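Undergrad: Fold the following.
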Amino acid sequence: MKPAVLVCTLLSIILFLAGMTVAQNPAGNSVPATISLDQIHPGMRGVAYTVFEGVKPEPMEVEVLGILNNVNGPKGSIILVRLHGKKVEYTGVVAGMSGSPVYIDGKLAGALAFRIGEFSKEPIAGVTPIQEMLEINALDATPAEGDASAAGSAHSAAQPTSAPGLPAAGEVQSYANYLQPIEAPLAFSGFSEETLRRFAPQFTTAGIVPVMGAGSVSDSKQPEPLEPGSAVSAVLVRGDMNIAATCTVTYMDPKRLLACGHPILQSGQVQMPMYKARVLATLPSTYNAFKIVNVTEPVGAFVQDRHTGIMGRFGEEARMIPVTVSIHGIAQPKQFHYEVLNNGKITPLAMMVTVFQSLQGLNEYGEDVTYHLNGHISVGGFPAVDLNNMYAPAENAPTSFSVAMAVGERFGRIYENPYVRPDIKGVNLDFELVKERRWAQLETARTDVTEARPGDEIVVEAVLQPYRGERMVRQIPIRIPASTPHGPLRILVSDGDSLDHIRRMPPGLGRKLDLASTIGLLNSEHTNTRLYVSLLDSNIEVMVGDKVMPTLPLSVMNVMDGMRGTQDMIVLGESSVNEASTAMDYVVSGAQVITINVK
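TA: The predicted model follows:
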């Protein structure tokens, strides 16, 4: 053996043994010694650990190239290193390697967290200093299990950010980014390629890169204890469908561990199940190298998701939202059970992608299938949110996508209230499949009278054209209230969405309701399987929260005018003084206005 090769081999063995003296399991009593950033300088050698295959971490030699100051935010320094070793020089820096602990002089220096450039020919990486990761321990003030607020995330109204190094959906990246977080690939199992392709832009906007075929969730036991360098997974969805992000353990003490060296969602306080993971293989690629992982058994819960890493507690149970999706009207009725994390940033998206997959993955799926949804979202301390609508095929997207978007929109509105963190107890969705396109367009609406008196009953006749069917005629009687003022009276004949649209604040005005009002408003919305007739007079109508106050006198309106700055108030130029409807068992679309004169 050549002297130079012998020296390198002996150095690797020494570094391996030095690093192993600080690798502790959850039952250990000691905390690894650390080395501060000011003690690290170019030319120093060390060792890092990661799993290339199986569960046992393997050493990689580390050569310090220098310190990059203020590159990970103000005062956020990165240790730039070159990795040496047969395996890492072949695979390069791979997704799933983030969090791999780096030891210098036998002391923990930090976690591999960043890759440098794209299509790099050398395994050069950035290390998050351990002192910055240990700050997460000081932030760990998660409420004890059983506290409803523990199930939530950081302020749910915050806007999602794009993934580091990736442009948001529809956005053009106009800068070069050479320092990028090593991805913790979000592996989807139980999902089709069509599902991931359709929802990938939304996940990218939320800061997540979805990967299909990079792993799965198994029921196998993994007796080997976790140690620094082990693969560990944060689970976002588990059950009949699974979504999990995998990175590497950096630091452990008897109660907790730190991993990744960068955030997964950067949601602050979280509740995500923490699982052991087995690496089946490490796929080398200059374009997209990653670890293929099986998630195995739970060991606790991740409770912090911060700028410099994620923190998990051993032995804790993460509080998830149980979901049941039942599907009828098919040869073999199906039922799916799974759980999703309770997080204002990701839960609406997780619900959309799982509902879409539940419907899209059926043999009975077809272009002319209509879905009738009955369900509810249970919210602790508040009435359940009702879900009752029919969804017929549209021209620009699969029907299952329209269903998924509607469910996600409900969750988004629940979470966007700025006052209460919702404690969602469960979701039940029951679908009845109808194997035809049940959609009808309102063509005309008329009434035989042009004048009427307060107290009179009039009949509105509507003609609807169903998809490839005979026209349907419906007659809907409605009474003019005795208090209706003289003059023109508008009669709106419409679908439910057109009626609800009148009372919706334009998005630019930023109307934010409290949770009780949001749920009240959601439950008062009209179904799309009925045809509505509404009488609209010229008096002012006011909505405060979810409460409607029609035909307000000017004297009352003048008093309420001063409340506009402090109340969630909408002022409408017309009042709905009466409403009638008829069931259609079709998805109704369209609106017509008739005007009569009240004597």
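Undergrad: and Arg115, that's in a helix?
TA: No. Read with DSSP: H, G, I helix; E, B strand; the rest coil, Arg115 is strand and lies in no helix.
Undergrad: tally of neighbours for the residue nearest to Ile116 when sequence neighbours are not counted?
TA: What sits nearest to Ile116 in space, not counting adjacent residues and going by C-beta to C-beta, 6 or more residues apart in numbering, is Ile124, at 4.6 Å. (C-beta placed from N, C-alpha, C; glycine too.) As a burial measure, Ile124 scores 18 neighbours (other C-beta atoms under 10 Å).
Undergrad: Bridged to Ile124, which residues?
TA: Beta-bridge pairing for Ile124 (DSSP bridges): Arg82.
Undergrad: Let me see the domain layout of the protein.
TA: 3-137, 185-319, 321-434, 439-598 (automatic domain parsing).
Undergrad: picking that back up, the residue nearest to Ile116 contacts Arg82, doesn't it?
TA: Yes. Between Ile124 and Arg82 there is a contact at 5.3 Å, judged by C-beta atoms under 8 Å.
Undergrad: Between those two, which contacts overlap?
TA: Shared contacts of Ile124 and Arg82 (C-beta atoms under 8 Å, 6 or more residues apart in numbering): Leu65.
Undergrad: OK, contacts around Thr347?
TA: Counting by C-beta under 8 Å, 6+ apart, the residues that Thr347 touches are 321, 340-341, 411, 415, 424.
Undergrad: Nearest approach to Leu179 belongs to which of the domains of the chain?
TA: domain 3-137 (5.3 Å; C-beta to C-beta).
Undergrad: Show me how far the closest one is from its chain's centre.
TA: 32 Å (C-alpha atoms, centre = their mean, to the nearest Å).
Undergrad: which stretches of the chain form helices?
TA: Assigned by DSSP state H, the chain shows helices spanning 3-20, 86-91, 130-139, 193-205, 347-360, 399-415, 496-501, 515-524, 554-560.
Undergrad: Please name the residues that touch Thr128.
TA: Applying C-beta under 8 Å, 6+ apart, we find Thr128 in contact with 72, 78, 110-111, 113-114, 261-262, 308-309.
Undergrad: Please name whichever of those scores lowest on pLDDT.
TA: Lowest in pLDDT among the contacts of Thr128 is Asn72, which has 74.
Undergrad: Leaving out sequence neighbours, find the closest residue to that residue.
TA: Nearest one to Asn72, counting by C-beta to C-beta, 6+ apart, is Ile78 at 5.5 Å.
Undergrad: same deal with Leu492?
TA: Nearest non-adjacent residue to Leu492 (C-beta to C-beta, 6+ apart): Ser534, at 4.5 Å.
Undergrad: From Trp439, how far off is that neighbour?
TA: Plainly put, Ser534 is 22 Å away from Trp439 if you go by C-beta to C-beta, to the nearest Å.
Undergrad: Can you give me the distance of Leu387 to Arg410?
TA: Distance, Leu387 to Arg410, by C-beta to C-beta: 7 Å.
Undergrad: any idea how far the closest residue to Ile208 other than its chain neighbours lies from Met97?
TA: Nearest non-adjacent residue to Ile208, counting by C-beta to C-beta, 6+ apart: Leu186, 5.0 Å away. Distance from Leu186 to Met97, counting by C-beta to C-beta: 15 Å.
Undergrad: Which one of those two is surrounded by more residues?
TA: Comparing Leu186 with Met97 by other C-beta under 10 Å, the one with more neighbours is Met97, at 33 against 23.
Undergrad: Dihedrals phi and psi, that one?
TA: Backbone torsions for Met97, taken as degrees, to the nearest 10, come to phi -90, psi -10.
Undergrad: That one: what's it in contact with?
TA: Per C-beta under 8 Å, 6+ apart, neighbours of Met97: 50, 112, 182, 247-248, 291.
Undergrad: hmm, which helix or strand of this structure has the shakiest average pLDDT?
TA: Lowest mean confidence among the helices and strands of the chain (mean pLDDT, DSSP states H and E): helix 3-20, at a mean of 44.
Undergrad: ok, back up a step: for the helices of the chain, which one ends up most surrounded?
TA: helix 347-360 (a mean of 24; mean count of other C-beta atoms under 10 Å).
Undergrad: quick one: that one to helix 193-205, angle?
TA: Inter-element angle recorded for helix 347-360 and helix 193-205: 170 degrees (by axes from the mean of the first three to the mean of the last three C-alpha atoms, to 10 degrees).
Undergrad: Measure how helix 347-360 sits relative to helix 399-415, angle-wise.
TA: Angle, helix 347-360 to helix 399-415, by the same axes, to 10 degrees: 160 degrees.
Undergrad: Just the C-alpha atoms of helix 347-360, please, in CSV.
TA: Provided in CSV are the C-alpha atoms of helix 347-360 (Å, rounded to 0.1, in the frame of the first residue of the first chain):
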residue,chain,number,x,y,z
THR,A,347,-53.4,20.8,5.6
PRO,A,348,-55.6,22.3,2.9
LEU,A,349,-53.1,21.1,0.3
ALA,A,350,-52.8,17.7,1.9
MET,A,351,-56.6,17.4,1.9
MET,A,352,-56.8,18.3,-1.8
VAL,A,353,-54.2,15.9,-2.9
THR,A,354,-55.6,12.9,-0.9
VAL,A,355,-59.2,13.6,-1.9
PHE,A,356,-58.2,13.9,-5.5
GLN,A,357,-56.3,10.6,-5.3
SER,A,358,-59.2,8.8,-3.6
LEU,A,359,-61.5,9.6,-6.5
GLN,A,360,-59.1,9.5,-9.4
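Undergrad: Next, name the residue at the spatial heart of this protein.
TA: Ile346 (1.6 Å; C-alpha atoms, centre = their mean).
Undergrad: Please report the distance of that residue from Glu416.
TA: From Ile346 to Glu416 the distance is 14 Å (C-beta to C-beta).
Undergrad: Run through this protein and note the low-pLDDT ranges.
TA: 1-30, 117-120, 141-178, 206-207, 213-215, 286-287, 503-511, 538-575 (pLDDT under 70).
Undergrad: Other residues contacting stretch 429-441?
TA: Under C-beta under 8 Å, 6+ apart, the answer for stretch 429-441 is 323-330, 355, 359, 362, 364, 366, 368-375, 387, 390, 392-393, 403, 407, 464-468, 472, 584-590.
Undergrad: Of those, keep whichever come out buried.
TA: 323, 325-327, 330, 355, 359, 362, 369-373, 375, 387, 390, 392-393, 403, 407, 464-467, 584, 586-590 (16 or more other C-beta atoms under 10 Å).
Undergrad: I'd like to know which of the residues you listed are part of strands.
TA: Using DSSP state E, 323, 325-327, 370-373, 375, 387, 390, 464-466, 587-589 are the members of the buried ones among the contacts of stretch 429-441 that sit in strands.
Undergrad: re earlier: and the residue nearest to Asn72, what does it touch?
TA: Per C-beta under 8 Å, 6+ apart, neighbours of Ile78: 67-68, 71-72, 113-114, 126-129, 179.
Undergrad: what's the answer for Ala95, then?
TA: 182-185, 211, 288-291.
Undergrad: let's see 10 Å
TA: Ala95 is in contact with 115, 181-186, 209, 211, 214, 246-247, 282-283, 285, 288-291, counting by C-beta atoms under 10 Å, 6 or more residues apart in numbering.
Undergrad: Among these, the buried ones, what's the PyMOL command?
TA: Selecting only the buried entries of those in PyMOL, with 16+ other C-beta under 10 Å as the criterion:
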select buried, resi 115+181+182+183+184+185+186+209+211+214+246+247+282+289+290+291
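Undergrad: what's the closest non-adjacent residue to Pro42?
TA: Gly66 (4.9 Å).
Undergrad: what about that neighbour, distance to Thr250?
TA: Gly66 is 21 Å from Thr250, by C-beta to C-beta.
Undergrad: again, but for Asn70
TA: With C-beta to C-beta as the criterion, Asn70 and Thr250 are 22 Å apart.
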